[in-house]
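[1] curious how this folds, go ahead:
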Amino acid sequence: MTDIGKLKTLYEGFGIEHKIETRKEELVLTIKTKTKNVTGYNGFLTEFHFDSDGAFKNVGIYE
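    The predicted model follows:
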């Protein structure tokens, strides 16, 4: 299983709302605050970046 597949399975198991999209030549899994089972400050989000094969690259936390 790919890294993005593992993370997707984990979040789905916990009922955490997330979105996966393709940007340029990478996959990005995004979690925003104030969505299902996610708390935090308004406007914050976390993005997990993966290469096109689903291997983890980095994570960013933004306001």
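[2] quick one, helices of the chain?
    3-14 (DSSP state H).
[3] and the strands in it?
    19-23, 26-32, 45-51, 56-62 (DSSP state E).
[4] quick check: angle from the shortest one to helix 3-14?
    Right, strand 19-23. 160 degrees (axes from the mean of the first three to the mean of the last three C-alpha atoms, to 10 degrees).
[5] and if you look at the second one?
    The directions of strand 26-32 and helix 3-14 differ by 20 degrees, with the same axes, to 10 degrees as the criterion.
[6] circling back to that earlier point, which one of the strands of the chain lies nearest to T39?
    T39 lies closest to strand 26-32 among those, at 11.1 Å (C-beta to C-beta). In this view, the C-beta of every residue, glycine as well, is placed from N, C-alpha and C.
[7] neighbours of N42, just the number please.
    8 (other C-beta atoms under 10 Å).
[8] quick check: the gap between it and G60.
    18 Å (C-beta to C-beta, to the nearest Å).
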